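**Student:** sharing a model that was predicted from the sequence below.
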Amino acid sequence: MSNATTNDVGASLYTRHSPSFSAKLFAFAPEGFKSFGEFNKQALAAGVLSVKTKELIAVAVAHITGCPYCIEAHVGKSKAEQASFEEIFESVTVAAAVKAHSAFYYATNALKAFEGSQDPDLFPLANLELAEKLEDANEDAHNSFHEFLHVSLRAGRLSEKEKLLIAVGSALVEGSAYSIEAFTRRAKEIGVTIEELAETTLVATVLKAGSAMAHRVNALQAFERE
């Protein structure tokens, strides 16, 4: 049952709040909020990856979490790093491809369930190869998916390496073991280093946590609603 009142009619659950409203909760857990702010600063600072690359990873991950606050913030920061909208859109397309990849490969679990598999390992590495059997179910859908994946990851305004870093970051937040395995291996094959992987992991982590942090304004808004 909804607790909304007549005063809530037409109210938006996603509005741009003033800095003073956004900071209201900080006083009630100052050390925790301060620690998160420092983590956020360090994760997105220049390292082996540039700030621009990290911000493009952040934009993609924000489209995985679906946080409108994060999308707006990191698109703005990407633009400040001289990213074009074409580059931003390519990063978003990679995020979309990762979400599609996740769902597509989960279909191998569906196939095994349909066939009555009693395999105790629900995520065997072999499922990555089993996915080729999905072509038998719908060749057009199978081929269209792979074409979309190919187009999304090939070099364009962004390099293949940049796109694969974005894909790995997106996969970490999407949480698909298949996607993490596939895109990390592919990134390694084209020369992504362990240091670059580590920094990508931190960007993905801070963005996933940052989504919850950004939504504090929704929690505060709900708490204060009469």
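**Tutor:** Perfect, thanks for sending it.
**Student:** can you name the residues that contact the most centrally placed residue in the chain?
**Tutor:** Nearest to the geometric centre of the chain sits V61, at 2.5 Å (C-alpha atoms, centre = their mean). Residues in contact with V61, defined by C-beta atoms under 8 Å, 6 or more residues apart in numbering, are 70, 95, 169-170, 173, 203-204, 207-208. Placement of C-beta: from N, CA and C, glycine included.
**Student:** one more time with 10 Å
**Tutor:** 67, 70-71, 74, 91, 95, 98, 166, 169-174, 200, 203-208, 210-211 (C-beta atoms under 10 Å, 6 or more residues apart in numbering).
**Student:** before we move on, what about Y105?
**Tutor:** 123, 127-128, 130-131, 134, 176-179, 181-182.
**Student:** what comes up buried for the host helix or strand of K99?
**Tutor:** Here K99, judged by DSSP states H and E, is contained in helix 85-114. Under the neighbour-count criterion of 16 or more other C-beta atoms under 10 Å, helix 85-114 has 87-88, 90-95, 97-99, 101-102, 104-108, 111-112 buried.
**Student:** likewise stretch 202-219?
**Tutor:** Along stretch 202-219, these residues count as buried under the neighbour rule (16+ other C-beta under 10 Å): 202-208, 210-211, 213-217.
**Student:** what are the buried residues along the following helix or strand past the helix holding K99?
**Tutor:** Once the chain leaves helix 85-114, the next helix or strand it forms, by DSSP H and E, is helix 127-130. Buried residues in helix 127-130, counted by 16+ other C-beta under 10 Å: 127-128, 130.
**Student:** report the mean confidence score over helix 127-130.
**Tutor:** For helix 127-130, mean pLDDT rounds to 92.
**Student:** okay, the angle between the very next helix or strand once past it and helix 85-114?
**Tutor:** Later in the chain than helix 127-130, the nearest helix or strand by DSSP H and E is helix 139-153. Between helix 139-153 and helix 85-114, the angle comes out at 140 degrees (axes from the mean of the first three to the mean of the last three C-alpha atoms, to 10 degrees).
**Student:** mind giving me the packing neighbours of the lowest-mean-pLDDT helix or strand in the chain?
**Tutor:** None of the helices or strands of the chain scores lower by mean pLDDT, DSSP states H and E than helix 19-22, at a mean of 87. Using 3 or more C-beta pairs under 10 Å, 6 or more residues apart in numbering; DSSP states H and E as the contact criterion, the elements in contact with helix 19-22 are helix 216-224.
**Student:** same for the helix it packs on, what does it pack against?
**Tutor:** Applying 3+ C-beta pairs under 10 Å, 6+ apart, one finds that helix 216-224 contacts helix 19-22, helix 68-80.
**Student:** what residues sit buried inside the last one?
**Tutor:** If you call a residue buried by 16+ other C-beta under 10 Å, then helix 68-80 has these buried ones: 69-71, 73-75, 77-78.
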